[in-house]
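In: Next input, structure requested:
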Amino acid sequence: MADSTILNLDLQTTGANAGTWGSKTNDNLEKIENAIKGYTSVSITGTSQALTVASGGTGDQQSRAVLNLTGTLSGATALTCEANPNWYVIKDSTTRAGNALTFGPAGGTPVTLTNTCLHFIYTDGTTAYHIPENLPNMTLTGTLTVGSDVSLNGGTFVFNEAGADRDARFEGDTDTTLLQTDASTDRVGVGVAAPSAKLHVNQSSATGSQPVLELEQLDQDYAFTNFVGTSAADSSKSLSSSTASAGSKAGAIRVRINGTERWIRFYDSAV
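Out: Residues are numbered from 1 along each chain as shown. Below you'll find the predicted structure:
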């Protein structure tokens, strides 16, 4: 008698197993039950290990729907399943000790498991696939919380495509509003929760000895800044073409040029 290729069910032939057919059928039914809702722990004891397979009985790991991996890894470890199409729910409860753990079909291409995470994996018998990683699109209506790194590699990232009043906030080590977008006013703040300009930078440290803005221009034949606005001959626009110097000096702004402190004078009027 042959076993089925996916669940290793004990297939029956006409007239076979007189007197034991009932127990073998019950084993098969339990295997089907395990494949739907079954759970078992798999202790990782070596760097190359395969899920156990049983022709008879119900104790094999291969046919369980959910696997809980335990044990302490002694090196980079490969856990394999049979080279048949199947799906697996795997909880990685191993102690890694700095070592990597992969899972995939025997002789095929595995996936790398993330420690302490729950994995949903499908294999076509040759290659293993993380299901969330291979979805063409994903739409969430609730809250997405990620407790590890996020990598956006390729494609376009768009936040708030619908144009709703939804802010984005990035925290630093001590600055809770290291970067803040205010959707209601269409403004961006650095170090400020409610920016009062299109770009509002607040260097709030009184003792940090750091500038609000530092510009490094490595293109030696180009300007540091480019002011684009509307010009007038007086003080009525954002730029003035006036070359008059009769206006009263109102004060000066402290700047640092190549490490040396300087002052830029400013006037009450452009004329």
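
In: burial measure for the closest residue to Leu73 other than its chain neighbours, as a count.
Out: Excluding the flanking residues, the one nearest Leu73 by C-beta to C-beta, 6 or more residues apart in numbering is Asn99, at 4.0 Å. All C-beta atoms are positioned from the backbone trio N, CA, C, and that covers glycine. By other C-beta atoms under 10 Å, the residues close to Asn99 number 16.

In: I'd like the numbering to begin with 12 instead of 1 from here.
Out: Got it, first residue is 12 now, which makes that one Asn110.

In: how about Asn110, what does it touch?
Out: Asn110 makes contacts with Leu84, Ser85, Gly86, Ala87, Thr88, as judged by C-beta atoms under 8 Å, 6 or more residues apart in numbering.

In: State the distance from it to Ile132.
Out: Using C-beta to C-beta, to the nearest Å, we find Asn110 at a distance of 19 Å from Ile132.

In: And for Val239?
Out: Val239 is 54 Å from Ile132, by C-beta to C-beta.

In: And Gln231, by the same measure?
Out: Taken as C-beta to C-beta, the span from Gln231 to Ile132 is 54 Å.

In: more neighbours, the two?
Out: Using other C-beta under 10 Å as the criterion, Gln231 and Ile132 rank with Ile132 on top: 21 against 5.

In: Now the more buried one: which helix or strand?
Out: Counting by DSSP states H and E, the element that carries Ile132 is strand 129-135.

In: Does Glu41 belong to a helix, a strand or coil?
Out: Secondary structure, DSSP: H, G, I helix; E, B strand; the rest coil: Glu41 is helix.

In: Kindly apply the preceding question to Gln72 instead.
Out: Gln72 - assigned by three-state DSSP - is coil.

In: How about the contacts made by it?
Out: By C-beta under 8 Å, 6+ apart, the residues touching Gln72 are Thr51, Val53, Leu62, Thr63, Val64, Leu78.

In: do that again at 6 Å, thanks
Out: Thr51, Val53, Leu62, Thr63 (C-beta atoms under 6 Å, 6 or more residues apart in numbering).

In: Assign Asn37 to helix, strand or coil.
Out: Taking three-state DSSP, the label given to Asn37 is helix.

In: Let me know how buried it is, in neighbour terms.
Out: The burial count for Asn37: 11, using other C-beta under 10 Å.

In: And the pLDDT for it?
Out: With respect to pLDDT, Asn37 scores 76.

In: Same question for Val239.
Out: 96.

In: Kindly report the same for the one 5 residues further on.
Out: Here, the pLDDT recorded for Ala244 equals 95.

In: contacting residues for it?
Out: Ser252, Ser253.

In: State the phi and psi torsions of it.
Out: Ala244 has phi and psi values of phi -80, psi -10 when expressed as degrees, to the nearest 10.

In: Which residue ranges of the stretch 162-282 of the chain form strands?
Out: Per DSSP state E, counting those that start in this stretch, the stretch 162-282 of the chain carries strands over the ranges 179-181, 190-193, 198-201, 210-212, 242-243, 250-251, 260-268, 271-278.

In: what lines up beside the last one in the sheet?
Out: Strand pairing for strand 271-278, using DSSP bridges, gives strand 260-268 (antiparallel).

In: What's the local residue count around Val122?
Out: 19.

In: what's the answer for Thr36, then?
Out: When neighbours are counted by other C-beta under 10 Å, Thr36 comes out with 14.

In: Also Thr91?
Out: Thr91: 19 neighbours (other C-beta under 10 Å).

In: Where does the prediction get shaky in the stretch 12-161 of the chain?
Out: 12-23, 25-33, 66-69, 145-146 (pLDDT under 70).

In: where along it do the strands fall?
Out: For the stretch 12-161 of the chain, the strands defined by DSSP E, counting those that start in this stretch occupy 50-54, 59-61, 77-81, 88-92, 96-103, 112-116, 122-123, 129-135, 139-141.

In: Reformat those strands into JSON lines and put distance to Lys260 next to each item.
Out: Below are the strands of the stretch 12-161 of the chain laid out as JSON lines (distance: least, C-beta to C-beta, whole Å):
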{"stretch": "strand 50-54", "distance to Lys260": "79"}
{"stretch": "strand 59-61", "distance to Lys260": "79"}
{"stretch": "strand 77-81", "distance to Lys260": "74"}
{"stretch": "strand 88-92", "distance to Lys260": "73"}
{"stretch": "strand 96-103", "distance to Lys260": "69"}
{"stretch": "strand 112-116", "distance to Lys260": "70"}
{"stretch": "strand 122-123", "distance to Lys260": "66"}
{"stretch": "strand 129-135", "distance to Lys260": "68"}
{"stretch": "strand 139-141", "distance to Lys260": "66"}
